[in-house]
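Colleague: Model the structure of this input:
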Amino acid sequence: MEEDEDEERKKRDDEARSQRASHSRRVIQDVAQICRPRYFANIDRIRMERYLFNKIMIAVCNHDSYFVQKNDVFGVTSPLHEQKITAALRMLAYGVSVDQTDEIARMGKSTIIESLMSFCSVIESLYTTEYL
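Modeller: Numbering: from 1, shown residues only. Take a look at the predicted model:
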């Protein structure tokens, strides 16, 4: 009798262990599923040829001194003109917010807004007569 009880107890212990193991395995699989990197479809992005970007950048820098890199009173250099123009173009082309742009351009929000306003006014004054 004792042997039968020992065998039944071992069977119950084995079943409990296997249930805990299967539960742990399911939890690990679920966590792995959550943490797995997801691959998204390729997003169509607006691309600009380098020569066109350089042409616009040179015209904008020649027209407005805001885009020329200079030092402030404390000796800190302002962001590059490429950074300012790229931030403005990114906001216009993709319709992204200042928060998304400041992480990529590594500029302050006020600088991005100021560069966008300056860029739009320069483009308007440069190309209105030619294209409108």
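Colleague: Can you say which helix or strand has F74 in it?
Modeller: Counting by DSSP states H and E, no helix or strand carries F74.
Colleague: show me where this protein has helices.
Modeller: 2-35, 50-63, 81-94, 98-105, 109-131 (DSSP state H).
Colleague: can you list contacts of the second one?
Modeller: Where contact means C-beta atoms under 8 Å, 6 or more residues apart in numbering, the residues beyond helix 50-63 that reach it are 67-68, 81-82, 85, 89, 119, 122-123, 125-126. In this view, the C-beta of every residue, glycine as well, is placed from N, C-alpha and C.
Colleague: tell me the average confidence for stretch 97-106?
Modeller: In this model, stretch 97-106 carries a mean pLDDT of 76.
Colleague: Would you mind listing which of the contacts of helix 50-63 are buried?
Modeller: 67, 81, 85, 89, 119, 122-123, 126 (16 or more other C-beta atoms under 10 Å).
Colleague: Need the per-residue pLDDT for Y39.
Modeller: The predicted local confidence for Y39 is 58.
Colleague: Of all pairs in the contacts of helix 50-63, which one is the farthest apart?
Modeller: E82 and S125 (20.8 Å; C-beta to C-beta).
Colleague: that older thread, out of the helices of the chain, which one sits most buried?
Modeller: helix 81-94 (a mean of 19; mean count of other C-beta atoms under 10 Å).
Colleague: Send me it as CSV with only the CA atoms.
Modeller: Output of helix 81-94 as CSV, limited to C-alpha atoms (Å, rounded to 0.1, in the frame of the first residue of the first chain):
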residue,chain,number,x,y,z
HIS,A,81,23.4,75.2,-42.5
GLU,A,82,22.8,71.7,-43.8
GLN,A,83,21.2,70.8,-40.4
LYS,A,84,18.9,73.8,-40.5
ILE,A,85,17.8,73.2,-44.1
THR,A,86,17.4,69.5,-43.6
ALA,A,87,15.2,70.0,-40.6
ALA,A,88,13.0,72.4,-42.5
LEU,A,89,12.8,70.1,-45.5
ARG,A,90,12.0,67.1,-43.3
MET,A,91,9.2,68.9,-41.6
LEU,A,92,7.8,70.1,-44.9
ALA,A,93,8.2,66.8,-46.9
TYR,A,94,7.2,64.3,-44.2
